[in-house]
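Trainee: Predicted model follows, preceded by the sequence.
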Amino acid sequence: MIKDNQQNLNRLHIVIDAVLVLGAYFLAYPLRFYVLPYFKLFAVAGAESFLSFQRYAQNILFLIPGYLVIYSICGLYRPKRGRRKIRMIGNLFEANILGIFYFAFLIFIKKDTNISRWFYIVFGVLNFIFSVSFRLILMKILSVLRKHGKNLKHVLMVGYSRATEGFIDRVKGNPDWGYYIHGILDDNMVQGSEYRGIRVIGADMDLENFLSDNKYDEIVITLSLDEYEKLEDIVNACEKSGVHTKFVPDYNNMVSTVPYIEDLYGLPVINIRNVPLSNTGNMIIKRIMDLFIGTIALVLAAVPMLIIAVIIKCTSKGPIIFSQIRVGKHGKEFKMYKFRSMRLEDPEKEKGEWTTRGDKRVTGVGKFIRKTSLDELPQIFNVIGGSMSLVGPRPERPLFVEKFKEEIPRYMVKHQVRPGMTGWAQVNGYRGDTSIKKRIEHDLYYIENWSIGLDIKIMFLTIFKGFINKNAY
């Protein structure tokens, strides 16, 4: 059965991860002390004096168990079906960052202060590369096997609703997940009717007869909202047979894709919206990253910003920096800074207008800096000041916030986090004069699935494809 395969695969994961940590640690020593100094990188002071390999090897007995525990905490041994590669890479990145801190703590406890600090980094980078490569290769192998009918998870669905169609759509669109749906049980659909090739093969009351064959790995309950009184009996029947059961709610348009469940003395309480950045630890980590990377960005951008400022001053009348009221975290208004790219206008008239194609208010220099997003460089000061983040939903003007919150469902959810200079919507092409609805969908995905890895991915995508704004006028 697939459940046994999953257990065996998890055990294999743990063994291979231990081997990879061991291999990265052993390889980091010659790389750090022999190879990199040869290329004048991280050269050891003095006459190439450093601790023996035996001294370094003493730490491996404590390091491997610690890394395996961290990997487990970061969710790296959960089932991989239906999980995005970016989430897996983000979890690995977080795990390896925590692993380096654990390594440093281990050295501190042992008072082994002569261990090279750069050795931590070399080992951490190697281990991250090894672990990502292993998982990507494994995912590819499993994908090929599943497309050829191997390692399949056999599923029976109970209930027909929007959730049923949503589940089938995703399974059909991702054959590498390896789900094989045998059919649907439903009281209201005519037996033999089908959706995308998946047929209704019986009624809800037939569930126990189907379960008696014991050939299913999973029962997926997708009852419509008005049939939830059947849920308890269906779950009891599934648990009586011992089959693994999943519940896909028919109100998924209201509940987060990653719901947060509290245990209130044994009473499960589902939070409608899961916002990882409401966690104090996550907020601190993100703020530290904003300050660190923001300061580096300010240093690197200082000269270009000075050049742009001089050109703006010499080519048009008015201030160099343009500030505009935007709505930020918790609906609080703040001043967002930009290089002025337009001629001066009456503030009351400008407040309610979009910039349109061929807008005569845009200056010659302004057209270029808007197209290349260079006009947004002063927002680094917003980031360092704390009113914005490097990554997050783009902030909007108060007038449009009032308009959109009435027209677009869940629009105001974006204000539960700091707005950003760039975001998931922007790197996917939804910036400037594009669909507000699509932009909000991407913002909600970011808010509900935030991780350090996702932030880093968005920043890299911004560097490589996010600066040129085809929709800027």
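Mentor: In hand now; what should we look at? Residues are numbered from 1 along each chain as shown.

Trainee: rest of the way, CA atoms for contacts and neighbours
Mentor: Will do.

Trainee: Extract the C-alpha trace of stretch 96-113 and format it as PDB.
Mentor: What follows is stretch 96-113, C-alpha atoms only, in PDB (Å, rounded to 0.1, in the frame of the first residue of the first chain):
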ATOM      1  CA  ASN A  96      19.900  25.200   6.900                       C
ATOM      2  CA  ILE A  97      19.900  28.700   8.300                       C
ATOM      3  CA  LEU A  98      18.700  27.200  11.600                       C
ATOM      4  CA  GLY A  99      21.300  24.500  11.200                       C
ATOM      5  CA  ILE A 100      24.100  27.000  11.000                       C
ATOM      6  CA  PHE A 101      22.900  28.700  14.200                       C
ATOM      7  CA  TYR A 102      22.700  25.300  15.800                       C
ATOM      8  CA  PHE A 103      26.300  24.600  14.700                       C
ATOM      9  CA  ALA A 104      27.500  27.900  16.100                       C
ATOM     10  CA  PHE A 105      25.600  27.200  19.400                       C
ATOM     11  CA  LEU A 106      27.200  23.700  19.500                       C
ATOM     12  CA  ILE A 107      30.700  25.200  19.100                       C
ATOM     13  CA  PHE A 108      29.900  27.800  21.800                       C
ATOM     14  CA  ILE A 109      28.700  25.200  24.300                       C
ATOM     15  CA  LYS A 110      31.900  23.100  23.600                       C
ATOM     16  CA  LYS A 111      34.000  26.300  23.900                       C
ATOM     17  CA  ASP A 112      35.800  25.300  20.700                       C
ATOM     18  CA  THR A 113      36.500  28.800  19.600                       C
END
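
Trainee: got a list of contacts for it?
Mentor: 63, 66-67, 70, 115, 120-121, 124, 127-128 (C-alpha atoms under 8 Å, 6 or more residues apart in numbering).

Trainee: Pick out whichever of these sits closest to Phe460.
Mentor: Nearest to Phe460, judged by C-alpha to C-alpha, of the contacts of stretch 96-113 is Phe128 at 17.6 Å.

Trainee: Leaving out the residues flanking it, which one is nearest to the closest one?
Mentor: Distance criterion C-alpha to C-alpha, 6 or more residues apart in numbering; nearest residue to Phe128, sequence neighbours excluded, is Asn96 at 6.4 Å.

Trainee: Just the buried ones among the contacts of stretch 96-113, please.
Mentor: 63, 67, 70, 115, 120, 124, 127-128 (16 or more other C-alpha atoms under 10 Å).

Trainee: Widest-spaced pair of the residues you listed?
Mentor: Checked with C-alpha to C-alpha, the buried ones among the contacts of stretch 96-113 reach their widest spread between Ile70 and Ile115, with 22.0 Å between them.

Trainee: Grab the longest helix from this protein for me.
Mentor: In the chain, taking DSSP state H as the definition, the longest helix is helix 280-315.

Trainee: for stretch 288-305, what is the average pLDDT?
Mentor: For stretch 288-305, mean pLDDT is 93.

Trainee: no no, stretch 393-402
Mentor: For stretch 393-402, mean pLDDT is 92.

Trainee: So which bits of it are buried?
Mentor: Quick answer for stretch 393-402 (16+ other C-alpha under 10 Å): 393-398, 401.

Trainee: same check, this time on stretch 201-211
Mentor: Those would be 201-204, 207, 211, for stretch 201-211 by 16+ other C-alpha under 10 Å.

Trainee: following the least confident helix or strand in the chain by mean pLDDT, which helix or strand comes up?
Mentor: Within the chain, no helix or strand scores below helix 45-48, which has a mean of 43 by mean pLDDT, DSSP states H and E. Elements were assigned by DSSP states H and E; along the chain past helix 45-48, the next helix or strand is helix 53-57.

Trainee: I am finished for the moment; much appreciated.
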